[in-house]
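>>> Quick one: sequence plus predicted model below, questions after.
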Amino acid sequence: MKVVVLGGTGLIGSQVVRLLAAQGHEAVAAAPDTGVNTLTGEGLAEALKGADATVDVTNTPVFDEETATAFFRTSTGNIVKAAKEAGVGHHVVLSIIGTEDMQDSWYLRAKQNQEDLVRESGVPFTIVHAAQFFEFVLGIADMSTVDGTVRLAPVKFQPAAAADIAAFVAGTALASPAGAVAEVAGPQALPLDGTVREALAAKGDTREVVSDPAAGYSGAAVTETTLLPGAGAHLTETSYDDWRAAQK
């Protein structure tokens, strides 16, 4: 198969490309530095010629509401238009567990808009709802810091290794389109506040982590189950402890 990975030079995309290529598929890493710009449309039609599947793991280059909203709307519009014109048989887009329940977050509203455009595109699709990556635990601290203090809701999440998420995305691209959401998460539910607190301590970061039910996640209110996968989700194998041990 020919699979075009949009955002194919990033954390997830580069691993998806390597995994597909290792299985003998033609995996194309499509990104601005390879001549494909989904925001302007440059190189998109040419890259998608003859593609059996596309994978969208792109992300906004600037994290503010106006930029992110415009990015996902324009980029996704360009991608699905080009995919439809190229006769692509399966479009896979990477999104986030709990997106539909966290619409108070401007970023997750932008991701929901992306998902809606994919659903309405007429291109056969699968939307992958992934848990947070282990690699992003410190990033959660950064986005939750106010006046030097990290404020997090005392809820659970079920993060996974980026490599395991990439393997699931690659496998999804090779499968038939589900026309629905497929969830993927790590093997264990962990306390969000406690996990971030331990990660900061391990890095020697002295920021205080305050457990605050009103803190939410990414600007949205969350319940005990918002960040957790539902029944039937694919659970990856790598545990957080094993992943951390491998980083040393």
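Looks like it came in fine.
>>> Identify each buried residue in the lengthiest helix in the chain, please.
When the chain is parsed with DSSP state H, its longest helix is helix 65-86. Going by neighbour count (16 or more other C-beta atoms under 10 Å), the buried part of helix 65-86 is 68-69, 71-72, 75-76, 78-83, 86. In short, each C-beta sits where N, CA and C put it, glycine included.
>>> Looking at those residues, which is nearest residue 137?
residue 68 (21.4 Å; C-beta to C-beta).
>>> Now for that closest one: which residues touch it?
Neighbour list for residue 68: 60, 62, 106-107, 110 [criterion: C-beta atoms under 8 Å, 6 or more residues apart in numbering].
>>> Need the buried ones from those residues selected in ChimeraX.
Buried residues among those (16+ other C-beta under 10 Å), as a ChimeraX selection:
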select :60,106,107,110
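>>> of the contacts of residue 68, the lowest pLDDT goes to which?
pLDDT across those is lowest for residue 62, at 86.
>>> Quick check: of the buried residues of helix 65-86, which lies closest to residue 121?
When the buried residues of helix 65-86 are compared against residue 121 (criterion: C-beta to C-beta), the nearest one is residue 80, at 3.7 Å.
>>> how about the helices of this protein, start to end?
Under DSSP H, the chain gives helices at 11-22, 44-48, 65-86, 106-119, 137-143, 162-174, 192-202, 240-247.
>>> now the ones you listed in JSON lines, with distance to residue 128?
Supplementary listing: those in JSON lines, determined by distance: least, C-beta to C-beta, whole Å:
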{"stretch": "helix 11-22", "distance to residue 128": "10"}
{"stretch": "helix 44-48", "distance to residue 128": "19"}
{"stretch": "helix 65-86", "distance to residue 128": "14"}
{"stretch": "helix 106-119", "distance to residue 128": "10"}
{"stretch": "helix 137-143", "distance to residue 128": "19"}
{"stretch": "helix 162-174", "distance to residue 128": "6"}
{"stretch": "helix 192-202", "distance to residue 128": "21"}
{"stretch": "helix 240-247", "distance to residue 128": "20"}
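>>> hmm, what's the outermost residue in this protein?
Computed with C-alpha atoms, centre = their mean, the maximum C-alpha offset from the centroid of the chain is found at residue 206, amounting to 28.5 Å.
>>> which non-adjacent residue is nearest that one?
Once flanking residues are discounted, residue 206 sits nearest to residue 200: 7.9 Å by C-beta to C-beta, 6 or more residues apart in numbering.
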